[in-house]
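1. Sequence plus the predicted model coming up.
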Amino acid sequence: MFYSGISDEAGQSIEIQIKAHQELGWSHLEIRNVDGENLALMSQEKFEQVYEKVMAAGLKVSCFAGCIGNWAKQISGDFSSDIKELKTAIPRMNRFGTRYIRVMYWPNDKQNPWCDADWAREVIRRLKELTKMAEDGGIVLAHENCSGWGGESVENSLRLVEEMNSPAFRLLYDTGNVIPHGQNPWEFYIRTRPYTVYVHVKDYRRQGDKFVATFPGEGQGQVKEILADLLASEFSGGISIEPHLASVVHEGKLGEKELAYQTYITYGRKLMALVESLRKS
């Protein structure tokens, strides 16, 4: 098990993202956006600059935090943009030696929702096409339990694994996403664990009719229990922080620069302290 983090929550420039991970003593980072541009969507010139700086720092990219099928898209939307993203991402992933790209699974239409059967059918069709591309490209789609058909239930996530029937399709478990969705964190985790290759660490607690982000282990995501199980099972994948405290980048909420940076560092250190306490227990 190794540490990583969705580094744009520390800051928008690649220099700040690298600095944060070096300060934490981590060898990996998970890149989503650099200066507001996704790693798989930026120009080739911009990508080359990012690549050179990460390599010069001696860091590895554990995962591309992609936009494919994410919360901002709908099932009736243009699938060609997802095809284009993966097509661009694969050679960039291979350049970095990165195995995983985070994907999601197209939320239902808000105004004219599809019936569950049609929604499922289209999600499966799209993911099969993307999985074939991943197989051919030598990378793995890491499917996150987030907004979309696959995140509606643990049964849906497991069905996707069965339908894809491919080593190029695996699961990414996010410890925080289950809380706003009203799901049981432990049940979702334990049932999907055989197919989980990567973990996002964030935590939430209910506060009235809202859900508030917390430091790891201070919310209702059963983060401590899940980390203990990962350690006991000798999990070899990454545990990647996504604090959602000072910044919620994917929603365009950027915290004050110094606060965002220090919150990220504190979050990482609290996670390491929690893991170390579990190792000793």
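-> Nice, thanks for sending it over.

2. got a pLDDT number for the closest residue to residue 160 other than its chain neighbours?
-> Closest residue to residue 160 apart from its sequence neighbours, by Cβ to Cβ, 6 or more residues apart in numbering: residue 150 at 5.1 Å. The C-beta positions use only the backbone N, C-alpha and C, and glycine is treated the same way. pLDDT recorded at residue 150 is 93.

3. Hmm, residue 150 is touching residue 157, no?
-> Yes - using Cβ atoms under 8 Å, residue 150 makes contact with residue 157 at a distance of 5.1 Å.

4. quick one: which of the two has more around it?
-> Neighbours per residue (other Cβ atoms under 10 Å) separate residue 150 from residue 157, with residue 150 holding more: 28 against 23.

5. Need the three-state assignment for that one.
-> Secondary structure for residue 150, judged by DSSP: H, G, I helix; E, B strand; the rest coil, is helix.

6. Distance check, it against residue 142.
-> From residue 150 across to residue 142, the span is 12 Å (Cβ to Cβ, to the nearest Å).

7. What strands line up against whatever helix or strand residue 198 lives in, and which way round?
-> When elements are assigned from DSSP states H and E, residue 198 belongs to strand 196-201. In its sheet, strand 196-201 lies beside strand 169-174 (parallel), strand 238-241 (parallel), with partners assigned from DSSP bridges.

8. Pairing partners for the helix or strand just after that strand, with directions?
-> Note on strand 196-201: by DSSP H and E, the next helix or strand toward the C-terminus is strand 203-207. Strand partners for strand 203-207, identified by DSSP bridges, are recorded as strand 210-214 (antiparallel).

9. Show me what the partner strand is in contact with.
-> For strand 210-214, contacts defined as Cβ atoms under 8 Å, 6 or more residues apart in numbering pick out 176, 179, 180, 202, 203, 204, 205, 206, 219, 243, 244, 245.

10. now for the following helix or strand past that strand, which elements pack on it?
-> Downstream of strand 210-214, the next assigned helix or strand under DSSP H and E is helix 223-232. With contacts taken as 3 or more Cβ pairs under 8 Å, 6 or more residues apart in numbering; DSSP states H and E, helix 223-232 sits against helix 185-192, strand 196-201, helix 257-280.

11. switch to 7 Å and redo it
-> Secondary-structure packing of helix 223-232 (3 or more Cβ pairs under 7 Å, 6 or more residues apart in numbering; DSSP states H and E): helix 257-280.

12. avg pLDDT for the helix it packs on?
-> Throughout helix 257-280, pLDDT has a mean value of 96.

13. okay, the angle between it and strand 203-207?
-> Angle, helix 257-280 to strand 203-207, by axes from the mean of the first three to the mean of the last three Cα atoms, to 10 degrees: 110 degrees.

14. Mind listing what's buried along helix 257-280?
-> Of the residues in helix 257-280, 260-261, 263-265, 267-268, 270-272, 274-275, 278 count as buried by neighbour count, 16 or more other Cβ atoms under 10 Å.

15. and what of stretch 117-135?
-> Under the neighbour-count criterion of 16+ other Cβ under 10 Å, stretch 117-135 has 119-120, 122-124, 126-128, 130-131, 133-135 buried.

16. Cool, thanks, talk later.
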